[in-house]
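Show me the folded form of this:
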Amino acid sequence: MHDQLHEYVGVIHVHSTYSDGSRPIHEIATIAGEVGLDFVMFTDHNTLQPKRDGLEGWYDGVLVAIGYEINDVDDLNHYLAFNLEDELPANLSPKEYVKPEQLKAVNAMRVCRTSVLGKRTYACPDCGEITEVYHSCKNRFCPTCSWKDTMKWAKRIKSKMLKVKHRHIVCTLPHSLHPLIKRNEQLLLSSLMRASAATFTDWIMNKYRLKIGVVVVLHTYGEQKDYHPHAHMIVSWGGVHINTGKLKEIEEEFVNYKFLQKKFRCKFEDELVSLNDKGKLDHDFSNRQNFMNHLKQINQQDWVLHLEPAIETPVEVIRYIGRYSKRACLSEYKITEIDGEYISFRYKDYRDRDENKKPKEKILRLHYSEFFPRLLQHVPAKYFRIVRYYSLYSNHGNIAEEYFYRENENGELTTEENDILVCEHCQTRKIQIKIYFDLRGRKERTAYKTMKYKKKYAA
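Next up, the predicted model:
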């Protein structure tokens with residue numbers, strides 16, 4: 001096995017007269033040799049003809065490789081392809097294009113907690129023990145950062161919870177609406193959150209004369225990370241009476257499920273029809289009548305509501321919220337295997353339960369070409385708020401302070417994370433002694449690594 005690394009210098013993505021280049025391949029190869037290049041990779045538009053013409057090979061010490069540049073059917077993306085014998089069909093198009101926020105999320109996670117983002121050095125003032133803390137990307141799609149952010153958010157919100165029971169409620173849209181939602185994501189996902197909250201604020205107001213608080217958390221994924229938009233809600237099971245101004249808890253837990261199911265459907269469809277009438281929806285229906293006929297067909301399907309039993313104390317509510325708030329859709333610990341081009345992860349199958357009625361845990365194995373689009377479709381759009389507050393929780397207004405949970409009531413909210421800035425030996429808090437930022441660009445960092453390798457493995 002060789003113990004040396006060799007650096008080869010060349011150019012990738014060159015056009016010749018086989019497409020829109022200005023010189024033939026043999027002339028470009030000659031120029032490449034004159035300037036000291038080791039290889040040139042030609043990628044003319046939509047053709048492998050130079051390869052069929054036998055132009056791939058060596059030209060006086062310069063290796064010429066022939067691939068081609070694939071233009072998709074919409075001419076929005078170009079791909080460089082090598083090691084092909086024939087061109088692919090000219091009408092190919094990706095299932096979906098990568099959005100800017102998806103690219104930003106991927107790039108952020110790649111450098112999260114690395115030297116690229118910098119680090120801080122802390123030292124114990126007593127024994128001198130050193131701890132280095134790398135900066136995080138703080139992207140809300142990052143599984144590590146989103147969990148820490150969720151814990152901080154849960155601690156902040158505890159002082160804003162009413163001192164009553166709360167219920168976890170899930171509102172889910174029919175699958176036949178998914179294509180329309182994907183074409184109008186921000187509009188219709190916002191409508192889903194508003195309709196879900198309004199279903200219960202209106203019903204409780206009319207039945208109990210209470211103004212309640214609602215926290216809505218949007219999820220767009222199911223257990224297998226396919227597209228499955230639904231709203232998780234934490235609903236205060238009680239509120240402030242509009243006549244007396246007193247805080248009152250709802251004693252009964254039974255609800256008319258069919259009534260609330262229909263109410264949720266009507267709330268969402270009212271928003272849908274309003275957006276369509278204002279010309280804000282992107283769809284293929286030729287007129288309003290066709291659009292309404294489509295909604296009529298959807299009305300025959302189930303609009304799913306799921307209501308958990310009321311949770312007693314605010315601390316338990318906050319812990320519960322932490323599981324369903326701003327966490328990433330796939331945690332690292334759920335990935336069980338990366339085998340070549342395939343990725344496997346655990347999920348719960350709620351349609352297949354054991355003797356204790358608990359969903360069975362299964363493994364899903366996907367090719368990376370399916371795994372990454374399935375995962376990245378859940379990156380939220382820029383500035384889109386996936387956690388929203390309604391009614392009393394949107395603005396406390398003139399609500400008496402004693403109606404809200406306080407720190408010394410009903411236990412403490414704790415996290416299992418240890419404070420890494422406390423010295424294990426002295427139990428003294430460490431102090432910051434240095435902060436480091438890598439201000440180089442990607443090209444500079446790559447050049448530096450290449451230089452290190454050449455020095456290390458030089459003969």
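
Point to the residue nearest the middle of this structure.
For the chain, the residue nearest the mean C-alpha position is Val379 (3.1 Å; C-alpha atoms, centre = their mean).

shouldn't that one be in contact with Ala108?
No. Applying C-beta atoms under 8 Å as the test, Val379 and Ala108 come out as separate, 10.4 Å apart. C-betas here are computed from N, CA, C, even on glycine.

Quickly list what's touching both of these two.
Both Val379 and Ala108 are contacted by Phe141, under the criterion C-beta atoms under 8 Å, 6 or more residues apart in numbering.

Kindly provide the distance from Val379 to Ile31.
43 Å (C-beta to C-beta, to the nearest Å).

repeat for Tyr342
Counting by C-beta to C-beta, the gap between Tyr342 and Ile31 amounts to 43 Å.

same check, this time on Pro229
From Pro229 across to Ile31, the span is 55 Å (C-beta to C-beta).

ok, these two, which is more surrounded?
Higher neighbour count among Pro229 and Ile31: Pro229, with 23 against 12, using other C-beta atoms under 10 Å.

Tell me if that one really is in a strand.
Yes. According to DSSP: H, G, I helix; E, B strand; the rest coil, Pro229 belongs to a strand.

what's the nearest residue to it if we skip its chain neighbours?
Thr220 (4.8 Å; C-beta to C-beta, 6 or more residues apart in numbering).

Double-check that the one you found belongs to a helix.
No. Assessed with three-state DSSP, Thr220 is strand; it does not lie in a helix.

Can you give the strand pairings for the strand or helix carrying Tyr389, parallel or anti for each?
In the assignment (DSSP states H and E), Tyr389 maps to strand 387-391. If you go by DSSP bridges, strand 387-391 pairs up with strand 213-221 (antiparallel).

ok now the partner strand, how far from the chain's centre?
The gap between the average C-alpha position of strand 213-221 and the chain average comes to 15 Å, counting by C-alpha atoms, centre = their mean, to the nearest Å.

Could you pull up the mean pLDDT of that strand?
What strand 213-221 shows for mean pLDDT is 92.

Show me the chain divided up by domain.
What automatic domain parsing lists as the domains of the chain is 10-81, 100-138+429-456, 163-329+378-403.

Pull up the distance across the first one, start to finish.
Its first and final residues considered, domain 10-81 spans 17 Å by C-alpha to C-alpha, to the nearest Å.

now the strands for the stretch 101-250 of the chain?
In the stretch 101-250 of the chain, the strands defined using DSSP state E, counting those that start in this stretch lie at 119-123, 130-134, 166-172, 210-211, 213-221, 227-236, 238-241, 247-249.

right, I mislabeled it, should have said the stretch 301-450 of the chain
304-307, 335-339, 342-353, 359-367, 387-391, 431-436.

so which of those strands gets nearest Met151?
Evaluated over the strands of the stretch 301-450 of the chain, closeness to Met151 peaks at strand 387-391, with 14.0 Å, by C-beta to C-beta.

what residues does the closest one touch?
With C-beta under 8 Å, 6+ apart as the criterion, strand 387-391 contacts 153, 193-194, 197-198, 201, 211-218, 239, 325-326.

Rounded mean pLDDT for it, please.
92.

okay, the angle between it and strand 227-236?
40 degrees (axes from the mean of the first three to the mean of the last three C-alpha atoms, to 10 degrees).

Could you check how far strand 387-391 is from the centre of its chain?
With C-alpha atoms, centre = their mean, you get 20 Å for strand 387-391.

what does stretch 14-29 give?
Counting by C-alpha atoms, centre = their mean, stretch 14-29 comes out at 42 Å from the chain centroid.

Buried residues of that stretch, list them for me.
14-16, 18-19, 21, 25, 28-29 (16 or more other C-beta atoms under 10 Å).

need the contact list for the closest residue to Ile130 other than its chain neighbours.
In space, and not counting its chain neighbours, Ile130 is closest to Ala123: 5.4 Å by C-beta to C-beta, 6+ apart. Applying C-beta under 8 Å, 6+ apart, we find Ala123 in contact with 129-131, 430-431, 433.

can you do 6 Å?
Shown in contact with Ala123 (C-beta atoms under 6 Å, 6 or more residues apart in numbering): 130, 430, 433.

How about the contacts made by Phe384?
When contacts are counted by C-beta under 6 Å, 6+ apart, Phe384 touches Gln186.

Quickly note the distance from it to Leu187.
11 Å.

can you pull up the bridge partners for the nearest residue to Tyr257 once chain neighbours are set aside?
Among residues not flanking Tyr257 along the chain, Leu305 sits closest, at 6.6 Å (C-beta to C-beta, 6+ apart). Note on Leu305: beta-bridge partners by DSSP bridges are Cys171.

What does the pLDDT read for Arg406?
69.

Measure how buried Glu87 is and give me the count.
13.

Is it located within a helix, as I assumed?
No. Under three-state DSSP, Glu87 falls outside any helix and is assigned coil.

mind listing what it touches?
Taking C-beta under 6 Å, 6+ apart as the test, what Glu87 contacts is Leu48.

Please apply the same query to Phe264.
Contacts of Phe264 (C-beta under 6 Å, 6+ apart): 171, 199, 303.

swap the cut-off to 7 Å and go again
Each residue near Phe264 by C-beta atoms under 7 Å, 6 or more residues apart in numbering is listed here: 171, 195-196, 199, 303, 305.

Next, Met292: secondary structure please.
helix.

any idea how far it is from Gly36?
69 Å.

need the longest helix for the chain.
Longest helix in the chain, counting residues (DSSP state H): helix 185-208.

Next, count neighbours for the closest residue to Gln301 other than its chain neighbours.
Take Gln301 and drop its neighbours on the chain: the residue closest to it by C-beta to C-beta, 6+ apart is Pro174, 4.3 Å away. A total of 15 residues lie near Pro174 under the criterion other C-beta under 10 Å.

again with Cys171
Counted with other C-beta under 10 Å, the neighbours of Cys171 add up to 27.

Kindly report the same for Pro309.
Counted with other C-beta under 10 Å, the burial measure for Pro309 works out to 10 neighbours.

Contacts only, for it.
Glu253.

One more: Ser176?
Counting by C-beta under 7 Å, 6+ apart, Ser176 makes contact with 298, 301.

go again using 10 Å as the cut-off
By C-beta atoms under 10 Å, 6 or more residues apart in numbering, the contact list for Ser176 reads 294, 297-298, 300-301.

One more: Phe345?
Counting by C-beta under 10 Å, 6+ apart, Phe345 has contacts 223-225, 330-338, 362-366, 371, 375.

circling back to that earlier point, ok, of the contacts of Ala123, which come out buried?
Members of the contacts of Ala123 classed as buried by 16+ other C-beta under 10 Å are Lys430.
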